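Undergrad: compute the structure for the input listed below.
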Amino acid sequence: MRFFELETLGDLNDSELLFLDQEPEALGLDGYCLAAGEPVGDSYPAEVKLQSSEDRTGIQLSSVLGNNFNYLIVSGAMKDVIAEHCPKGSLECLPFTLLDPRERVRSQDYFFVNPLGGIDGVDTKASDIKYHRSGAIVGIRKLVLDPEKLRDAPALFRLQQDPQLYVVNESLAKAFHERRFTNVVLRELTVFAAKP
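TA: You can find the predicted model right below:
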């Protein structure tokens with residue numbers, strides 16, 4: 001089984017694409033939950049608006065909206081494909097209104113996708129992990145996944161060891177490709193291969 005990191009920055013080489021650099025004020029501290037896999041639940045406001053910046057020249061909408069706050073922001077069609085591949089309850093899909101720099105409605109068909117929790121899927125022996133003296137992970141210089149630990153993982157998930165990383169399995173990555181979703185940047189992750 002192959003696994004990929006789904007980049008929330010999107011394709012930074014395409015200056016035509018809309019890129020978001022202002023977090024929605026309505027979320028307050030709950031914005032952290034969206035970036036780290038903690039449930040927002042009932043505290044999600046009834047109306048959330050996300051405004052694009054005048055400082056950015058790109059205006060083209062895409063299936064993944066690149067952003068610098070590590071949210072997975074996807075179109076309604078891409079959200080539906082993700083939901084089809086993931087078990088109910090494994091993620092939150094939270095709607096918002098996308099505004100242009102003049103506060104006009106640009107789209108109401110985007111969602112924050114928040115895979116909940118984290119899976120212990122790292123091969124700690126094959127990986128190069130830097131630990132704090134408290135035992136907390138400070139950084140991962142080389143990440144190697146353990147396929148046995150990920151046997152029952154959903155198609156989109158976070159790692160317990162690095163909750164800010166969005167991991168997609170091969171079947172979901174293939175579905176993204178087949179549906180021709182745009183601005184989907186996938187980087188293949190290393191999976192430990194047991195010696196025969």
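Undergrad: okay, the lowest-mean-pLDDT helix or strand in the chain in CSV with CA atoms only?
TA: When the helices and strands of the chain are scored by mean pLDDT, DSSP states H and E, strand 128-131 comes last with a mean of 80. Extracted in CSV, the C-alpha atoms of strand 128-131 (Å, rounded to 0.1, in the frame of the first residue of the first chain):
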residue,chain,number,x,y,z
ASP,A,128,14.6,9.6,12.4
ILE,A,129,12.7,11.3,15.2
LYS,A,130,13.9,14.0,17.5
TYR,A,131,12.5,13.8,21.0
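Undergrad: quick one: contacts of stretch 22-38?
TA: 39-40, 43-45, 47-53, 69-71, 94, 96, 112, 114-118, 158, 163-164 (C-beta atoms under 8 Å, 6 or more residues apart in numbering). (C-beta placed from N, C-alpha, C; glycine too.)
Undergrad: and the helices in the protein?
TA: Using DSSP state H, the helices of the chain run over 31-36, 76-85, 170-178.
Undergrad: give me the buried positions along the second one.
TA: Put plainly, it is helix 76-85. Along helix 76-85, these residues count as buried under the neighbour rule (16 or more other C-beta atoms under 10 Å): M78, K79, V81, I82, A83, H85.
Undergrad: tell me the helices and strands packed up against that helix.
TA: Counting contacts by 3 or more C-beta pairs under 8 Å, 6 or more residues apart in numbering; DSSP states H and E, helix 76-85 is packed against strand 91-99, strand 105-115, helix 170-178.
Undergrad: tell me the pLDDT of the residue nearest to the spatial centre of the chain.
TA: The residue lying closest to the centre of the chain (C-alpha atoms, centre = their mean) is L72, at 3.6 Å. For L72, the pLDDT comes out at 98.
Undergrad: my guess is it meets T8, correct?
TA: Yes: L72 is within contact range of T8, at 5.7 Å (criterion: C-beta atoms under 8 Å).
Undergrad: quick check: neighbours shared by those two?
TA: V64, Y166.
Undergrad: so how far is stretch 55-67 off the chain centroid?
TA: How far stretch 55-67 lies from its chain's middle: 16 Å, per C-alpha atoms, centre = their mean, to the nearest Å.
Undergrad: how about it: buried residues?
TA: Quick answer for stretch 55-67 (16+ other C-beta under 10 Å): R56, L61, S62, S63, V64, L65, G66, N67.
Undergrad: repeat that for stretch 127-146.
TA: For stretch 127-146, by 16+ other C-beta under 10 Å, it's S127, I129, I140, L143, V144, L145, D146.
Undergrad: what sits against the closest residue to the second one other than its chain neighbours?
TA: In this case it means I129. With sequence-adjacent residues excluded and distances taken as C-beta to C-beta, 6 or more residues apart in numbering, I129 is closest to I140, at 5.2 Å. Counting by C-beta under 8 Å, 6+ apart, I140 makes contact with V122, S127, D128, I129, K130, Q161, D162.
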